[in-house]
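S.K.: Sharing a model prediction with you, sequence too.
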2 protein chains.
Amino acid sequence: MTYPRVALIGLGLIASSMFWAMRRAGMDSHVTGYARSASTRDTARRIGLCDTICDSAEAAVRDADLVVLAVPVGAMGAIAATIAPHLKPGCTVTDVGSVKASVIEAVAPHLPNGVNFVPAHPMAGTEHSGPESGFASLFDNRWCLIVPEGAPEQATAQLESYWQALGASTERMEVAHHDLVCAVVSHVPHLIAYTMVGVADDLRRVSDQEVIKFSAAGFRDFTRIAASDPTMWRDVFLTNKDAALEILGRFTEELFALQRAIRTGDGDTLFDYFTHTRSIRRGILRAGQDTDAPDFGRIRKDG
Amino acid sequence: MTYPRVALIGLGLIASSMFWAMRRAGMDSHVTGYARSASTRDTARRIGLCDTICDSAEAAVRDADLVVLAVPVGAMGAIAATIAPHLKPGCTVTDVGSVKASVIEAVAPHLPNGVNFVPAHPMAGTEHSGPESGFASLFDNRWCLIVPEGAPEQATAQLESYWQALGASTERMEVAHHDLVCAVVSHVPHLIAYTMVGVADDLRRVSDQEVIKFSAAGFRDFTRIAASDPTMWRDVFLTNKDAALEILGRFTEELFALQRAIRTGDGDTLFDYFTHTRSIRRGILRAGQDTDAPDFGRIRKDG
């Protein structure tokens, strides 16, 4: 059973991909869309995103059976307050934020009785952003984490079916655990990548030109995720502070141990560490979560 | 002018790719190969790597016009001592190590007068290793840094032509600058990636299974380079200690500044930092050193 009317609030990479994935799945839902910026709305109209692009969030959510909040995490509370009086009784509100505790805290108090709030987090994305970056297969073979937090079972199950129709696998998770898992697999890796790129950019003794020219030696892998949307990531770190700081603390602890091994010439520690980390990569390949082609397949062996 | 006889000492990813690239270039050099392990030599014979696989390094270098040391950086000195008495007068010895100061220090004292030593560093690789991982196009559109360090101009120019025939662009660099540049674009990024993967693997509160399942959210990008050859990387850090520690010091300094911004809720600092790092990515794409396809092209948009 799909939702007859769906409202997408925010029209970036995730929402635009959801629209194309709904179309690919053959859903006949009527889809409204809203973005804060007029130029984003113009772009959305031009490329045929959604059935109707509305000039206000209030208009977009009217009569919607499913309302998807797809704005940066820091903007969730304000948009929830804006739309709350206009929500259809019995509708489901969900979000696509990368952090769950703070989104629930910001959104839930605004929602009227009789509206089902089922937070969700599709773990998919690319380094590109904006309404034109979306595509139908973004969620294929990816996970969408569902954090029901007391939502009715029927509303939760319906949202799961919806995400599965979009190509994702779903898994339910408790809110604090969600935020910790994401700090490990996503938030801290992004911060580390931003930092590494920032260091390279800031060195006086090595020119930007050199960093760019020779980036294929490892550095360029970091630049991809360090090119992700700055507003989204600022909000992630501001709102998942505790888990991010905990994992960062563990990271620096380990880094200092390896730094000490380098300083003291302790080759055995380095070798053992570097051997151990290979097994995680093998697990990811076995789970079908990455390609085994050398260099992510960027190299053409037949070149 | 190519080298009539080439000896490849060490038969891993780089040396095996050099052989296939020489064949692709139509070079008619006679190529001998040697690897320390008998099973590597057997594999090499089985897959047709080199014209002759020798059972000793001494035999492999006999009469060679170019001798390529393609062993881990920490093994360069010993192999240089072994082959030195058997080198043909006037031949060129080169290496493919990722560190140059310590390789020069380890190798140069062993080489007899009249042998030209031209250190080099092809900046190419994948996360795979061993004689079967090589392929002819590995060096296409990649850089090979040449560190002449007083070698005769003619021998240096000939080695440059050779690498260009294998697909690489060449650039000459001074030894200390080479080691610093590589610490930035390659060595420290690898250490950071190893550390991030180690942290994820070691957390009690998030299972390995979760880390693997949800790795596409950013983490998996780190696991690729953290799957690189442990012996090679141990030696890199032991031998490029000063530059690696310097860049690591800068890295932790920046990381602490961002960590402080998270702790104090300083969103402007985070936003500015995350905006700035995007420009480096754009430079890399403009320089043709990476693909602009979302997610390194791992996602099939037409899926």
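M.R.: Sure thing, it's come through. Residues are numbered from 1 along each chain as shown, chains lettered A, B, ... in the order given.

S.K.: Would you double-check that A:Ala78 falls in a helix?
M.R.: Yes: the assignment for A:Ala78 (DSSP: H, G, I helix; E, B strand; the rest coil) places it in a helix.

S.K.: Is A:Val68 located within a strand, as I assumed?
M.R.: Yes: under three-state DSSP, A:Val68 sits within a strand.

S.K.: Report the beta-bridge partners for it.
M.R.: Taking DSSP bridges as the rule, A:Val68 bridges to A:Leu8, A:Thr94.

S.K.: What are the structural domain limits within chain A?
M.R.: Annotated domains of chain A cover A:5-173, A:177-265 [automatic domain parsing].

S.K.: secondary structure class for A:Thr170?
M.R.: strand.

S.K.: Quick check: nearest residue in space to it, chain neighbours excluded?
M.R.: A:Glu160 (4.5 Å; C-beta to C-beta, 6 or more residues apart in numbering or on different chains). In short, each C-beta sits where N, CA and C put it, glycine included.

S.K.: Can you tell me how far the one you found is from B:Gly198?
M.R.: From A:Glu160 across to B:Gly198, the span is 34 Å (C-beta to C-beta, to the nearest Å).

S.K.: Next: A:Glu171.
M.R.: When A:Glu171 is compared with B:Gly198 (using C-beta to C-beta), they lie 25 Å apart.

S.K.: Between those two, point out the one with more neighbours.
M.R.: B:Gly198 (21 against 15; other C-beta atoms under 10 Å in any protein chain shown).

S.K.: mind checking how far the host helix or strand of the residue nearest to A:Thr170 is from the chain centre?
M.R.: Per DSSP states H and E: A:Glu160 is located in helix A:153-165. Using C-alpha atoms, centre = their mean, to the nearest Å, the mean C-alpha position of helix A:153-165 is found 19 Å from that of the whole chain.

S.K.: likewise stretch A:126-136?
M.R.: On C-alpha atoms, centre = their mean, the centre of stretch A:126-136 falls 12 Å from the chain's centre.

S.K.: And the contacts of that stretch?
M.R.: Stretch A:126-136 is contacted from outside by A:11-21, A:23-24, A:35, A:40, A:43-44, A:47, A:49, A:138, A:167, A:224-225, A:227-229, A:232, B:281, B:294-295, B:299, B:301, B:303, using C-beta atoms under 8 Å, 6 or more residues apart in numbering or on different chains.

S.K.: What about A:Arg286, how many residues nearby?
M.R.: A:Arg286 has 10 nearby residues by other C-beta under 10 Å.

S.K.: how far away is it from chain B?
M.R.: Distance, A:Arg286 to chain B, by C-beta to the nearest C-beta, to the nearest Å: 8 Å.

S.K.: A:Thr94 against A:Leu66, yeah?
M.R.: Yes: using C-beta atoms under 8 Å, A:Thr94 is in contact with A:Leu66, at 6.9 Å.

S.K.: Mind listing the shared neighbours of these two?
M.R.: A:Leu159.

S.K.: and the closest residue to A:Asp295 other than its chain neighbours, which of the three is it?
M.R.: Leaving aside its chain neighbours, A:Asp295 sits nearest to B:Thr126 (5.0 Å; criterion: C-beta to C-beta, 6+ apart). With three-state DSSP as the basis, B:Thr126 sits in coil.

S.K.: Tell me the pLDDT of B:Thr126.
M.R.: Looking at B:Thr126, its pLDDT reads 87.

S.K.: Surely A:Cys144 forms part of a strand?
M.R.: Yes: membership of A:Cys144 in a strand is supported by three-state DSSP.

S.K.: isn't A:Ala168 right next to A:Leu145, touching?
M.R.: No: in this structure A:Ala168 lies outside contact range of A:Leu145 using C-beta under 8 Å: 9.6 Å.

S.K.: All the strands of the stretch 101-250 of chain A, in order from the start?
M.R.: A:116-117, A:120-122, A:143-146, A:169-172 (DSSP state E, counting those that start in this stretch).

S.K.: highest average neighbour count across those strands?
M.R.: Most buried of these, by mean neighbour count (mean count of other C-beta atoms under 10 Å in any protein chain shown): strand A:120-122, with a mean of 26.

S.K.: How far away from the center of its chain is it?
M.R.: 8 Å.

S.K.: hmm, it touching chain B?
M.R.: No: under the criterion of C-beta under 8 Å from any C-beta of the partner chain, strand A:120-122 makes no contact with chain B; the nearest approach is 9.2 Å.

S.K.: mind listing what that strand pairs with, with the direction of each?
M.R.: strand A:143-146 (antiparallel).

S.K.: Look up phi and psi at A:Arg5.
M.R.: phi -130, psi 130 (degrees, to the nearest 10).

S.K.: residue ranges of the helices in chain A, please?
M.R.: A:13-24, A:38-47, A:57-61, A:76-83, A:101-107, A:153-165, A:175-182, A:188-202, A:208-213, A:219-225, A:230-239, A:241-264, A:267-286 (DSSP state H).

S.K.: just checking, what packs against the third one?
M.R.: Judged by 3 or more C-beta pairs under 8 Å, 6 or more residues apart in numbering or on different chains; DSSP states H and E, the packing partners of helix A:57-61 are strand A:5-9, strand A:30-34, helix A:76-83.
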